[in-house]
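J.: Sequence first, then the predicted structure, then my questions.
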Amino acid sequence: MPGRTSSRSARTSTASTTRKTSTGTTRSTRTSSARQSSNAVEIPDEGPETSLRTKVAQVFSDAQRTTATQRKLVVNLRKIQEACCFEPPETGKKGGKKAKGELQEDFDEEEFNGEVVRCVLRILCVKKSEPVGDRVIRFLGVFLKYASEKDQAIFAAETEEEATAFHETPSSRLTSHILTTILALLTAKDKVVRFRSTQTVAHIVNSLTTIDDDIFNLIRLGFLKRLRDKEPSVRVQAILGLGRLAGNDDEEQEDDDSDDEAAGGILDKLLDIMINDPSAEVRRAVLLNLPLWPSTLRYILERARDMDATTRRLVYGKILPALGDFRHMSLVEREKLIRWGLRDRDDIVRKAAATLFRERWLEDCASSRDTRPEEEKKPGDVAPPSVEALCELLERIDVTRSGEEDGMAHEAMRQFWDGRPDYRKDITFDHEFWNNLDAQTAFIARTLNDYSQSTDDDRVQAMIEDKMPEVTMFAFVLQRELNSLMELVDKVAVMEENDEEYEEAQEDVEEQDFIVQQLLHIAHTLDYTDEMGRRQMYNIMREAIAKAQLPEECTKLAIEVLRKVCGSRGEGDFCALIVEAIAEVRDSLLDADDATVTGEDGAEESFHSAQSDVGGDEPLIKPKSAKAEKNMTEEEKEEQQIREVMVYSKCLHIVQCTLQNVEGDLEADTSLTNILNTLIIPAVQAHQAIIRERGVICLGLAALLSKDLAGNNLDLFFHCFTKGHDALKEIVIQVLTDVIITHPQLLTPTVQDPDATTEDAEPIPNPRIRPITKILLKAFNADSKRITLIACTAASKLLLLGILPPVPTAEVLKAFVLTYFDPETAANPALRQALSYFLPVFCHSKLKNAQLMAQIVVPIIAKLLIMRDENMEEEEGDEMVSWPVITAHLAEWTDGRKVVGATELGLDGKTSTKAEAEEPHIGLAIEVLERALTSTCSKDERKPLLSLLSKLFVASSAGKKGVEGGVVDEESLHTLHALVTEAVEGKIGVDATQRNAMIKLEASLTKRLGEVEHVMQVQDTSRDASATPETTVAVEEANDATEVIEDDTETEAADVPETQAQAQAGAEETQIEDEEEEDDTMLAGMQGEGTRMPLEDDVDDEEEEEEEEEEEDDIVEEGSTLAIRSRRSTMVTEDDIMESLLQSEMS
């Protein structure tokens, strides 16, 4: 259109003419243009103002104010577009042309598109925090969608064949024009422009259903490049756009000429971003925009372990409930999701996981069993309680494995019973329930019983008492299930491993074992006040323990139940039953060997059990005679050895469970002594590894019951650690730690010689401390990760309890700190976690622990310097953390202010710190400077030392508000001040920061030492002033004493600063002491104007008082308030007051 061109040229010429004629502003214009020439910004010519621009700009201006009227504004903008792009309909009326779009001039499609793009460009510089940008972008997306639908409807009305095809419409051309313009700005230097450009393109892509292929490729390439943008907000917008394109991505069609950024599929790149992007916001954006496909499900579920709590909440609260039926997931995925969710550190995640389990997943199982008519079912309603559905849910998470002790099924069911009271009320434990027990129903009964026992709700406890059967009936159920387990075990024992039914029979044994375990757990919580039920349970448990086929876990639970049943009868009867059970186990397992022996040998062997029971010193397990062994083949001998090991192992397991359930004295119980001599000690001396391991465990448990036994066998434990294998070393470390914690007297210093002199009377260290320390350090530095972790845990307990002396404690603590900063321990995260918990807890639990840490900091830094040099020589491996991080940790661990009890909160809301809290940092500062000032200290070592010095806390004022308990040792402060002065004069600081820090420290110490000396002088002055006699014989003697005090006070006041607050602070303590002493009498503090009567005999006294008052005024003018206080305190004594009162009464 020629008119458009002429108007723009006219506008340009006018502008240029105006600029030339305005001579008054020529210079300023030139200077401003010269100033902005460096930015190279050229404002483009936008042409003259038209009615079209006014209308479009007005629509966009209204759209940015609120979203409420945007729908109406979309219709208005559509009318303007139709007026520019379509021919107006003939209405047959006058002035019909003016009615279309309400425009005064005729404009074409190109001009309309240009005006819209012009308005869109205006929002690209709007910051993210401004909501007007989001409103305009939303309006643009709504308009393009509405206009595209209108255009498609116009073309679809022509023919049905063309209705499904993509037509080029004014709206599509407008969209292409907008996208082409904005895509060029995706790589802008300004982060705000990149963000708004990416946001606009992403919103348009998500608003439209069809896009031109050429534009699609450009958008794809631009978004893939923005995935690596340094701004997380830009990456988020790129992900929002790529999430829509991921479904249309064709991985096979890759453009070889394009950049590497565009190569590969969009989905793979999104998955990579979700896994590796450091921004949690970006990872959440990918998580919400990924398609829920089988190929992406695994990566989505992995976000349940994301570092960001909000992302984990999103997974459990939004993603997983939207996945549909949980049964499509694998068993491993279900188990991991529930375990991760219920054990998450975030409370909201735990609640979301519990809700997912007890509502969403249970509803998937219960919906198919809902027998209600369709008209009664409403969307969102919960299906009625169904035990079958709950059993299916437990089966879907493999309750036989997840229901083991500390398994996630226990936590899941605890949350289930807590959140589903309808199931608690509806479920019944009738005869049919107990007669048809399986793994799921047994677990349901056990978990409901555990939940009821642990809750404080009396109604729930009363409910479980009504639902659970009596002890007698429960005993019959337990007896039946035990018999079934024995039959299945015997069946599997005679089957071969290659049998087809072997695996199925083994699974049946595992399921039946699980059922019996749940019943035994329930039996441990029953009330055995019913004597008949208690006797019946007593007999069942005694028989069950004596069965060799009983699995070990069931044996352990049976012994615990038996101990509770025998509670009223004492531990003696319980231990006697165990001895009988061990003998029966031995007989049942060796019956096959006894059957092979014939004749007299068989008769002799058959009576061995009775002999072992009668003779307390006879071994419970006696080997075969030499004559019987001669008649056996090699295979029979090998089978016999295997059987003997099984017998021994089973008996030792029974002994172990027994010792875990007794608390009496070992020497006082003959049964336990017999077990110790005939089973435990020979087991420790055995050659088989499994027998020796269990023997050491049992010996350790027995040592917990006897201090003498523990002391006599410490050397044996040391030998087992030195010569044993890794599994035995793990056991020995745990046993030693438990024994020392139980009997700390074993490490007390030895008894001193009564004939020794006072110089030789120092306590002699216990000789056992050194071997224990060496074992802990050797285990801590072992190659096995598990031994290292166990040793770390064991040593942590000993250090926290303060059992080891300071020197071994310092050795262990030094090893802990070096290992904590060692980059090689990154491969052992469990060890790192244990150390990261122990070190601050140990240092901040007691002040002496922080001081002990401060004593070893300087050697630790020297050792870390060597480790860092060795680490730098090795090309492979992780790098050590920086020195600022190390020094920050050391400064925090030695900070006495963080020790428990060092800081207290007062009633005024302010915290007060004890003066002793400074001692660790002051001592550490002295050691650091002593090392830094030596000639052997290198520059590399001096740098971290002085960096640590700048992080230490040394108060700048002795009288600082909030510090209680007096001042720190003055000698330490003088030593530190001398060292700091020497360091400042020697300029040992590596850089200006360290030198300035030392200068600042020197100034604060100088100020503090001056205040300390002043406070001590004031205290001495106050002490001298308070030494005035309490009684005087005559008024003249009191006046003479007052004059002497005044002379001393004036002399001392010349040395004291003139500031009244400082003198008052120094004398407060003395004044308080005087007041406390004076308060001991009834008439203390009663001196006043009305106590002395104006008598005629006291005229001379009054004249003397006037003279004293004149002297006081002179003292006030000289500024000595301390003398006034001393004078007034010695003016009249208590005897003087009493004498005056008596004289007034007599007169």
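T.: Looks like it arrived, so ask away.

J.: And the residue nearest the centre of the chain, how far from residue 307?
T.: Closest residue to the average C-alpha location of the chain: residue 345 at 6.7 Å, with Cα atoms, centre = their mean. Distance of residue 345 to residue 307, computed by Cβ to Cβ, to the nearest Å: 11 Å. No exception for glycine: its C-beta is placed from N, CA and C like everyone else's.

J.: Show the contacting residues for residue 141.
T.: When contacts are counted by Cβ atoms under 8 Å, 6 or more residues apart in numbering, residue 141 touches 203, 204, 206, 207.

J.: quick one: it from residue 200, how far?
T.: Taking Cβ to Cβ as the measure, residue 141 falls 9 Å from residue 200.

J.: cool, residue 455 as well?
T.: Counting by Cβ to Cβ - residue 455 and residue 200 are separated by 56 Å.

J.: Look at the two and report which has more neighbours.
T.: Set residue 455 next to residue 200 and count neighbours by other Cβ atoms under 10 Å: residue 200 wins out with 28 against 15.

J.: next SSE after the host helix or strand of that one?
T.: According to DSSP states H and E, residue 200 maps onto helix 191-207. Per DSSP H and E, the first helix or strand lying C-terminal to helix 191-207 is helix 213-226.

J.: could you give the angle of that following helix to helix 191-207?
T.: Going by axes from the mean of the first three to the mean of the last three Cα atoms, to 10 degrees, helix 213-226 is angled at 140 degrees with respect to helix 191-207.

J.: So which elements touch the next helix or strand after helix 213-226?
T.: As assigned by DSSP H and E, the chain's next helix or strand after helix 213-226 is helix 232-245. The contact analysis (3 or more Cβ pairs under 8 Å, 6 or more residues apart in numbering; DSSP states H and E) places helix 232-245 against helix 191-207, helix 213-226, helix 266-276, helix 280-289.

J.: average pLDDT for helix 232-245?
T.: The average pLDDT within helix 232-245 is 92.

J.: Which residues does that helix contact?
T.: Outside helix 232-245, the residues touching it (Cβ under 8 Å, 6+ apart) are 128, 191, 194-195, 198-199, 201-203, 205-206, 216, 219-220, 223-224, 226-229, 266, 269-270, 273, 277, 279, 281-282, 285-286, 288-291.

J.: Would you show me how to pick out the buried ones of those in PyMOL?
T.: Provided next is the PyMOL selection string for whichever of the contacts of helix 232-245 are buried by 16 or more other Cβ atoms under 10 Å:
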select buried, resi 128+194+195+198+199+201+202+203+205+219+220+223+224+226+227+229+266+269+270+273+277+282+285+286+289+290
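
J.: For this protein, which segments count as strands?
T.: Listed in chain order, the strands of the chain (DSSP state E) span 903-905, 911-914, 963-964.

J.: follow-up on the earlier one: and for residue 141 and residue 200, which residues touch both?
T.: Shared contacts of residue 141 and residue 200 (Cβ under 8 Å, 6+ apart): none.

J.: these two touch, right, residue 574 and residue 659?
T.: No: applying Cβ atoms under 8 Å as the test, residue 574 and residue 659 come out as separate, 11.4 Å apart.

J.: domains for the protein, by residue range?
T.: 292-369+383-459, 469-563, 805-958+973-1019 (the TED database).

J.: Between the ones you listed, which one is closest to residue 706.
T.: domain 469-563 (19.5 Å; Cβ to Cβ).

J.: ok now the closest one, how far from the chain's centre?
T.: For domain 469-563, the separation from the chain centroid amounts to 41 Å (computed by Cα atoms, centre = their mean, to the nearest Å).
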